[in-house]
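Q: Quick one, fold the following:
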Amino acid sequence: MSKVLNTSILMCGISLSASALAQAQTPPVTTQTGAPSTTQEQIRNAEAGENAQQGEDAAQEQEIVVVGTQIKGAEPTGALPVTVVGEDRIAATGSVSGDDLFRSIPQAGDVQFQEARTTGNLNDARGDNASINLRSLGTGNTLTLLNGRRMIPTPGTQTENFVPVQTVNTNAIPLGATRRVEVLRDGAGAIYGSDAVAGVVNIVLDNRFDGLRLDARYGFADGTDESTFGFKAGTKFGGDTRVMLFGSYTHRTPLFASERDYTASEDHRPRTVGTPFEGDTAFDNRSTSSPFGAFTVFPSTIAVRQGTVALTTSGTFHVEPTSNTAAGCSSTVYNGNLCLRSGGITGASSRVLRYDENPDRTIRGGLDRYNLFGTFSHDFGSIEFFGEAGYYRAELDGQREQSAPLSSAQITVPATNYYNPFGATTINGAPNPNRLPNLVNVPAAGLPLTIVNYRPVDTGPRTFTVTDDMVRLLGGFRGGFGDFDWESAVSYSWARTDDNTHNAVSNTLFQQALAKSTPDAYNPFNGGSQPNFSLGDATPSDAATIQSFLVEVHRISKTSLATADLKLSNPRLFSLPGGDVGFAAGVEVRRETYEDDRDPRLDGTITYTDSVTKRVFGTDILGASPAPDVKAKRTIASAFLEFAVPIVSPEMNLPLMRSIDLQLAVRDEHYSDFGNVLKPKVAASWDLFEGLRLRGSWSESFRAPNLPQFYSAGTQVSNTRTDFGFCRITNLNAPCSGVSTLEVRSGNKNLRPEESTNISAGIVLQPPRVPRLVITADYWEIKQRGVIGIQGAQNQILYDLLLRRSGSSNPNVVRLPPATGQTVGQLDFVQDNYFNLQPRKIRGIDLELSYRLPDTPLGTFNIQLAGAHLLSFQQQPSDVQAELIAANAAGLLGPGINIAGANSLLRQNGNPRWRATANLTWRSGPVRAGVLVNYVSSVEDTGPTPVNGEQFQVDSWTTVNAYAEYNFRDEGLLGGTRFRVGARNIFDKDPPLYSSNFGFLGSLHNAIGRFGYFELSKKF
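A: Numbering: from 1, shown residues only. Down below sits the predicted model:
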């Protein structure tokens, strides 16, 4: 067998045959999931036993990788905490998606890229997307590798803490071809470069499979089902060439919110009955934009009356059903069972007019996912060629409620509208049948009306199809000379996402439909369904008119990643009294590109001009803010150096120093757009005696600003904020309500990398008298500097209030000129660019126990317990936040103020103190069974108003997965057949209540419920 194969590196670590390790006297150190890592003595024993292997294939059938070093064949220090998710654990998740697999890792953190998120619409990374977020540091702080090299980020971006973030799509991982997943729970910027702040995730594919295996699976839960078909084939030609090919197809039906009692409505207040938060409107997420519209006359200074009765308040009125007007209508009956009432839709009596969006929504979309992956290798003797080729495609169909107008593109109903209650006295040469009688201050030509709140739900819900494509190609050579090993490869990855929204509303075409003076005009004054005011529109407008303003919208995003690298290593560069010094060095060049091509109706190519006000808006899509196209690229060149230094060896027989090993590393990366980053790392392990190891590390890591953060320009978003600077400028105790606020966020080419210092210290217990038992405990601490974020529009507005009360103002809060009687003008927009925030510090403890019981008459039992305990999550406030916090404490901002985004973020809408898993696997002959328990502790919901100073507690959540299988081992027709049956969330545990649209916290919990499945596999 060639030296190339003896020292082959699968994933940035050392590769050893499992058969060799099996001959070692010392049992393997087991990490979280049962896949062993190794001690120095085990490697020595393994090397001594390699000559006794029965064949080359047996030696390579299984390999154990020690993550965290790039030195091939070196003795690992054991200084770094590593979690390995092996075959049993993957089976116990009972899933075909990477999302479910990674959620079962306690250190995985909150999952922000997920379908239960409803905030971003077109600006979200919709589709078959899921993220990994080790330590909850934030998406993008975890480096994800496939077979040792970077995976491409998915093209879709979304905001997290109000800044755009990117992630590797874990659902694109070919799970059926995955042998194991390795998680380095330590900062690794010196070894791997950018993004490895919280750690590194390695996905190891099975490239040694021999034969042909066909798989079929059917799974189901209430309201949805899922079918998967796959194959895996591998063979070896002539002893020198090996080929493996994997393919799978998954079809999933959609899950509608109406299928779950707790998601069927956005009004979750019934679930708070009997609690201190009973009736809190934070649990009622129904929208004020409903078929019962609110409008402001244009110009808004006109006070409209019907006789002596005021129809408007500050120019505003809304439509109400007569059955809901306990305080009486402001107008005479309008349109049969409707009337007009002054003011907006506010107060308890108007709350029933809010629109319930959940009946229009899917929790999970229907999905077709395709995955094809192949590996190839050929041994030329002294040199080996290796290659990879992968293709992923997913088509996801989802559904959302129809949008409503935003302040970033206001819609005015012309006076010519046939149904305008303040329309002209005559229309089409005849008396206007829809103008209210006895109007005062309304001219004969009528008044236009600006839409304040209205949702055209008679169009039907919007549907969307998100198509993701991803290609990965890699080829390289590896070989050796003397004690040196070398490896070089080039790779190219390309990804494209087409987010296609159907049934979108064109602002221009919508206003044209509103301008019609004939009965086929669009009617926004006909209200919604009665008596179920929150559900739908039973009096839709003309069908042909509706179709006239519906359009499709595309957001096409692309990313690419090209790399070329060369690595050189020597496990025996020279010798010290403690042993051989290992060495590795390498260079890498990579090129990253990002392109976000918005629809012409969103990027300013096709604008919308209000025909009444003549204002020009950058978006022609109802409910969507304008967004410019982004096209960016960068080139990164890097070099690293690493040493493995043995200080003390067992042969030296020193008391309480069985062995001491060091790892020293440094890496420099040069970015074409902002310069150099240099990061070091030091790690050590100290074996006091056999069975007791202390370990620790100190390192610096970094995350480079992603391309959208660096290059995006002028992205506009509309959110509801409270304009304290307007309503409290003269009276700090004045009550304030939310207003639609336009926020402009831009990239910043002066951004610096987010930098971090990582410290870890741990202990490993492996009692010699209790073979196969391993207990580990690790303390970790991450101090980040320059975290990229924004001040936040609400904080900017509060700062404007503080400055204005002292005679100045915040230039980032742009206001209109004050109207008559106003001290300050209304909000125009808030400028809130990305910048490097103040430091934050996160601390925690990881605990793990792994034990394989001695063989018993009942079979073999394996137990793995793992827990991640978050001790603190502290964000130091920015200068502005610190000033606001001090002012708030001094009462200078008025009552009911909360300064967001600073101080402790522990348990705040995520970041639970505890995440834990317990995995039990049992084998007996052809039978195998497993149970996986997942636990997430409680968190706080900051949306509801605190009661007695306490935030609403989102309960802890425990789910149980289980499976059993039978393997037919005879040589008959069923030989090589495996049958498996199982269930995820076997006890059908509902997610705990949270004040979101769906009523649960999607980053931690899910609404799938009990999901049963059957699998049939046949190997030939």
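
Q: Could you list the low-pLDDT ranges of the stretch 101-250 of the chain?
A: 120 (pLDDT under 70).

Q: rerun at 90
A: Under the criterion pLDDT under 90, the flagged ranges of the stretch 101-250 of the chain are 101-104, 107-126, 130-133, 136-140, 156-165, 174-177, 179-180, 206-209, 237-239.

Q: do the same with the stretch 301-450 of the chain
A: Low-confidence regions of the stretch 301-450 of the chain, defined by pLDDT under 90, span residues 301, 313-314, 322-337, 339, 341-351, 381-382, 405-410, 428.

Q: which residue ranges form the strands in it?
A: Remark: strands assigned in the stretch 301-450 of the chain by DSSP state E, counting those that start in this stretch are 305-306, 309-310, 316-321, 338-342, 362-364, 366-379, 383-400, 412-413, 426-427, 430-431, 439-440, 449-453.

Q: List just the one of those that sits closest to Ile782.
A: Distances from Ile782 to each of those were compared using CB to CB; the minimum, 31.5 Å, belongs to strand 383-400. Quick note: C-beta positions are derived from backbone N, CA and C, even for glycine.

Q: For the protein, just list every one of the helices.
A: Assigned helices in the chain, in chain order: 3-6, 18-22, 40-49, 56-60, 87-93, 98-103, 189-192, 507-514, 543-548, 707-711, 724-727, 793-804, 879-889 (criterion: DSSP state H).

Q: Deepest-packed of these, please.
A: The highest mean neighbour count among the helices of the chain, using mean count of other CB atoms under 10 Å, belongs to helix 189-192: a mean of 27.

Q: and that helix, how far from the chain's centre?
A: Relative to the chain's own centre, helix 189-192 is displaced by 24 Å; criterion: CA atoms, centre = their mean, to the nearest Å.

Q: what sits up against it?
A: Contacting residues not belonging to helix 189-192 are listed as 12, 68-70, 143, 145, 196-197, 200, 640, 642, 665-667, 677, 679-681, 699-702, 756 [CB atoms under 8 Å, 6 or more residues apart in numbering].

Q: Just the ones in strands from these, please.
A: Counting by DSSP state E, the part of the contacts of helix 189-192 found in strands is 143, 145, 200, 640, 642, 665-667, 677, 679-681, 699-702, 756.

Q: list the contacts for the nearest residue to Pro456 once chain neighbours are set aside?
A: Nearest in space to Pro456, with sequence neighbours left out and distances taken as CB to CB, 6 or more residues apart in numbering, is Gln402 at 5.8 Å. Contacts of Gln402 were listed using CB under 8 Å, 6+ apart, and they are Asp360, Arg455, Pro456, Val457, Thr459, Gly460, Pro461, Arg462, Asn503, Val505, Gly623.

Q: Strands along the stretch 601-750 of the chain, start to end?
A: When assigned using DSSP E, counting those that start in this stretch, the strands of the stretch 601-750 of the chain occupy the ranges 608-609, 616-617, 630-648, 659-671, 675-689, 692-703, 715-722, 738-745.

Q: Adjacent strands (with direction) for the third one?
A: So that's strand 630-648. Strand partners for strand 630-648, identified by DSSP bridges, are recorded as strand 579-598 (antiparallel), strand 659-671 (antiparallel).

Q: re earlier: is it possible to export the strands of the stretch 301-450 of the chain to CSV including distance to Asp225 and mean neighbour count?
A: As requested, the strands of the stretch 301-450 of the chain are exported to CSV (distance: least, CB to CB, whole Å; neighbours: other CB atoms under 10 Å):
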stretch, distance to Asp225, mean neighbour count
strand 305-306, 57, 18
strand 309-310, 57, 14
strand 316-321, 40, 24
strand 338-342, 43, 23
strand 362-364, 12, 24
strand 366-379, 11, 19
strand 383-400, 15, 19
strand 412-413, 45, 26
strand 426-427, 54, 16
strand 430-431, 58, 8
strand 439-440, 58, 18
strand 449-453, 39, 23
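
Q: Select, out of these, the one closest to Thr272.
A: Shortest distance between Thr272 and the strands of the stretch 301-450 of the chain, using CB to CB, is found for strand 362-364: 21.2 Å.

Q: gap between the closest one and the chain center?
A: Per CA atoms, centre = their mean, the displacement of strand 362-364 from the mean C-alpha position of its chain is 16 Å.

Q: Contacts for it, please.
A: By CB under 8 Å, 6+ apart, the list of residues contacting strand 362-364 reads 115-116, 224, 252, 254-257, 259-260, 263, 398-400, 998, 1007-1008.

Q: same deal with stretch 86-95?
A: Under the contact criterion CB under 8 Å, 6+ apart, stretch 86-95 has outside partners 32-35, 100-101, 104, 175, 178-181, 219, 862, 864, 919, 921, 930-932, 961, 963, 965, 980, 982-984, 1011, 1013.

Q: quick one: Ile345 and Ser289 touch, right?
A: No. Using CB atoms under 8 Å, Ile345 and Ser289 do not qualify as a contacting pair, with a distance of 9.0 Å.

Q: Of these two, which one has the most company?
A: Comparing Ile345 with Ser289 by neighbour count (other CB atoms under 10 Å), the higher total belongs to Ser289, at 27 against 24.

Q: so that one makes contact with Tyr355?
A: Yes. Under the criterion of CB under 8 Å, Ser289 makes contact with Tyr355 at 6.4 Å.

Q: what sits in contact with each of those two?
A: Arg455.

Q: ok, back up a step: for PyMOL, write the selection for the buried entries among the contacts of helix 189-192.
A: With 16 or more other CB atoms under 10 Å as the criterion, this PyMOL line picks the buried residues out of the contacts of helix 189-192:
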select buried, resi 12+68+69+70+143+145+196+197+200+640+642+665+666+667+677+679+681+699+700+701+702+756
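
Q: hang on, the earlier thing: which one of the strands of the stretch 301-450 of the chain lies nearest to Ser611?
A: Set against Ser611 and scored by CB to CB, the strands of the stretch 301-450 of the chain come closest in strand 412-413, at 7.4 Å.

Q: which secondary structure elements does that closest one contact?
A: Strand 412-413 sits against strand 449-453, with contacts defined as 3 or more CB pairs under 8 Å, 6 or more residues apart in numbering; DSSP states H and E.
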